[in-house]
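Participant: Give me a 3D structure for the following:
(chains A and B)
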Amino acid sequence: MQALLNRPEHLPDFQSPPLNEVVLGVQFKPPQGYQQIMAGDVRSLYREDFPGVQELPPLLPAFETFGPAGVLSTQINFGFTSGATHDRFWFLSPNGAELIQFQQDRLLHNWRKIGDQTNEYPRFERMIERFEVELHRLEEYFASLSPQRLDVTQCEISYVNHILSRDPSATVRSGDWLRFLDFGNEDQPDDFSLSFRQTIRGADGKPRGRLICEAATALNQKNQRMIVLTLTARGAPYPPDIDGALGFLKMGRESIVRTFAIITTDSAHRDWGRVQ
Amino acid sequence: MIGSQANSAYTRLAESAATSIVPFRGSPKRVTICEPVRGWRDPVMERMKQLVQLERGWDGYRGAPVGFDIAHFALRMLDAACGVDAPTPQLVPGSDGDLQIEWHTERGDIELDVRAPNDVLAWRRTASTGPDGEEVALTNDFSLVASWIAELLEPSCATGTAAA
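Facilitator: Predicted structure coming up:
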């Protein structure tokens, strides 16, 4: 399988990771000449593979910036708009397992588990190949409105993992799965929600983006307790174009996979069939 | 996942055709660590709100309102560069939708021209830089601006020297 052949050999690999959703996305400068009434044109770019459509409120711009080390600064909702807002559209594949999210300054591609949760993850290599095609298609469309390139200001990649207890009816023991949250044989916490952030640096040592790790207890639709472990890499691409964005997403993916292997336990790796 | 940084497709829990997840709640005991209050943030937010809603032609010519993406980036930049004690800057709109952020104090001047996200021209003039000041192009790391602002806040050593 070509996609698997391209996977970097040094990356940890699992036969059955607890992956529930993967998101690849870029944020770009609002293109010249584009207005919401043209959203149907954008839909037609992807309609063959993504015939379904839904409308949602827009995502706000998000940026990773850097200052003196140790200064805690969270992404807050600034709560203002610029007047008329542009909706976000979901273009869905026939079974709903994959979707494109589009708004005037964003394009994202999601894969997710659906139904009985047995649909297979298409793997990053295949996803990013498709995302590259989708980005170029959008850039060509915007260029037809006014001569311009896609000016990418941020990229993001997220891996959402649903970690179920070995005994679904039992309290989830975080220490069985997460190295940094081991309560030993003491009573387990009823719930938790925590996050940490790490700077992703380029080869020149300068900050390129952040890895954000979030872990929280949750219930799935079968009322089974689980840990939702979300790893997101977000940052600015250099150069700020499609090639730069794809480069950041590949780097972010490596950062996510390495961190996932570091923060999860050896016994968890055995459960998930670690092969690398 | 509620409040997550990921742009998950499972945000609309009740309407999702696939797995719905909800956080479960146990003991009400919680330890909450809050961010320090930054005094400059509220007046800056208020001013920013006005600037993104400027009428086109606000300058009597073809002036554009401050770009929504530029406003959000500028706020993230200030969050990175300004500590709790930073003085509130002045925000001045540019006619191209860009934004100038300025501090003018007795110790010196700082001006940040936010031309686009990840494209900032930073300039300052203090006693140490001479009358022309110094200028640096910045992208996403504003540690230098933080040090400039800290210098503006430092107590003057001239008084101590004179007293000695």
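
Participant: Can you show me the strands along the chain?
Facilitator: I went with chain A, as the question did not name one. Taking DSSP state E as the criterion, chain A carries its strands at A:19-28, A:52-56, A:88-92, A:98-103, A:106-112, A:152-164, A:193-201, A:207-219, A:225-235.

Participant: I was thinking of chain B, sorry if that wasn't clear
Facilitator: So, for chain B - with DSSP E - the strands run B:90-93, B:99-105, B:108-116, B:119-126, B:134-138.

Participant: hang on, the earlier thing: tell me which of the strands of chain A sits nearest to B:V114.
Facilitator: B:V114 sits nearest to strand A:152-164 of all the strands of chain A, at 12.2 Å, using CB to CB. Every residue, glycine included, has its C-beta placed from N, CA and C.

Participant: ok, the closest residue to chain B within the stretch 101-250 of chain A - how many residues close by?
Facilitator: Using CB to the nearest CB, the closest approach of the stretch 101-250 of chain A to chain B is made by A:D190 at 2.2 Å. When neighbours are counted by other CB atoms under 10 Å in any protein chain shown, A:D190 registers 13.

Participant: Now it, what are its backbone angles?
Facilitator: phi -70, psi -40 (degrees, to the nearest 10).

Participant: Next, work out how far apart it and A:T217 are.
Facilitator: Shown here: A:D190 relative to A:T217, a distance of 8 Å by CB to CB, to the nearest Å.

Participant: TSV for the strands of chain B, including mean neighbour count?
Facilitator: Below are the strands of chain B laid out as TSV (neighbours: other CB atoms under 10 Å in any protein chain shown):
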stretch	mean neighbour count
strand B:90-93	18
strand B:99-105	18
strand B:108-116	20
strand B:119-126	18
strand B:134-138	13
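
Participant: Those strands: which one's closest to A:G96?
Facilitator: strand B:108-116 (36.4 Å).

Participant: Please name the residues that touch A:E132.
Facilitator: A:I242, A:L246 (CB atoms under 8 Å, 6 or more residues apart in numbering or on different chains).

Participant: about what we covered before: may I see the strands of chain A arranged in TSV, with mean pLDDT, mean neighbour count and distance to chain B as well?
Facilitator: Compiled in TSV, the strands of chain A are given as follows (pLDDT from 0 to 100; neighbours: other CB atoms under 10 Å in any protein chain shown; distance: least, CB to the nearest CB, whole Å):
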stretch	mean pLDDT	mean neighbour count	distance to chain B
strand A:19-28	97	24	5
strand A:52-56	96	14	7
strand A:88-92	97	21	7
strand A:98-103	98	22	6
strand A:106-112	97	23	4
strand A:152-164	96	24	4
strand A:193-201	93	14	7
strand A:207-219	94	21	5
strand A:225-235	95	24	5
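
Participant: wait, which of those is closest to B:V145?
Facilitator: Proximity to B:V145 (CB to CB) singles out strand A:207-219 among the strands of chain A, at 14.2 Å.

Participant: Great, nothing more from me.
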